[in-house]
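# I need the structure of the sequence given here:
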Amino acid sequence: MNIILGSQSPRRRELMAGLDVPFTAINIHADESYPQDLQGGDIPMYIAREKAHAYAKQLGEGDLLITADTIVWLDGQVLGKPQDEQEACHMLRMLSGKTHQVYTGVCMMTQKGIVENFVDRTDVTFKELTDDEITSYVQKYKPLDKAGAYGVQEWIGYVAVTRLQGSYFNVMGFPVDRVYEALKRLKQA
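Numbers count the residues shown, from 1 in each chain. Reported below is the predicted structural model:
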């Protein structure tokens, strides 16, 4: 199998490399909009499939494409990537003192179509954050490329996350344990 990771995320590439499985990483440009009636994990699953379909015609025999998308879900609302530092601070104030969900949709496709797809969920609880903590984090770490305006592997994850139920790596944007299990199943098929 020639594994292709369709992601420009440095975190996903790093996590995939941690599996010690040979792969090639490519950037896929796809429409990341979704039907407004989708909820929770259905959103990143839809977008992961759209990313896969955007590259499908370029797949050769023996190629396996892996695409993923991650969202932060709080009280029935998606917290995507913030547009600016002000929006990032607003998102972190929303997350402060609450439990939210991180959903990652993963799609695996060959020339013949989708062979595996799943959604992983992790519940993340934040302590109450002060405005100074939020502002300092946003100014220093510039989390504008992260869903929910935070990276769990950064300072905010060290000080704010009081409880995590599910995969830590899913919160980073790629549930490597489930990807590994899916790859094992596909290899045995």
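# what about Gly40, neighbour count?
Gly40 is flanked by 15 other residues according to other CB atoms under 10 Å. Heads up, the C-betas are built off the backbone N, CA and C, glycines and all.
# surely Cys164 touches Phe126?
To be clear, residue 164 is Leu; Cys isn't right here. No - using CB atoms under 8 Å, Leu164 is not in contact with Phe126, being 10.4 Å away.
# so the two - more neighbours on which side?
When Leu164 and Phe126 are compared for neighbours, Phe126 comes out ahead with 22 against 17, by other CB under 10 Å.
# quick one: residues contacting that one.
Contact analysis of Phe126 by CB atoms under 8 Å, 6 or more residues apart in numbering lists Leu95, Ser96, Gly97, Lys98, Thr99, His100, Ala160, Val161, Thr162.
# excluding its backbone neighbours, what's nearest the first one?
What sits nearest to Leu95 in space, not counting adjacent residues and going by CB to CB, 6 or more residues apart in numbering, is Phe126, at 5.0 Å.
# so that neighbour bridges to which residues?
Val161 (DSSP bridges).
# and Leu38, which of the three is it?
Secondary structure, DSSP: H, G, I helix; E, B strand; the rest coil: Leu38 is coil.
# count the neighbours of it for me.
14.
# so what's it up against?
By CB under 8 Å, 6+ apart, the neighbours of Leu38 are Tyr46.
# give me the pLDDT value at it.
At Leu38, the model reports a pLDDT of 97.
# could you report the separation of it from Ala52?
17 Å (CB to CB, to the nearest Å).
# swap in Ile43?
Distance, Ile43 to Ala52, using CB to CB: 15 Å.
# what comes up buried for stretch 13-22?
By neighbour count on 16 or more other CB atoms under 10 Å, the buried set for stretch 13-22 is Leu15, Met16.
# same deal with stretch 173-189?
In stretch 173-189, counting by 16+ other CB under 10 Å, buried: Gly173, Phe174, Pro175, Val176, Arg178, Val179, Ala182, Leu183.
# the first one is in contact with Arg13, isn't it?
So the one you mean is Gly173. No - Gly173 lies out of contact with Arg13 (CB under 8 Å); the separation is 10.4 Å.
# could you pull out the strands for this structure?
2-6, 24-26, 63-74, 77-79, 99-110, 113-126, 161-165 (DSSP state E).
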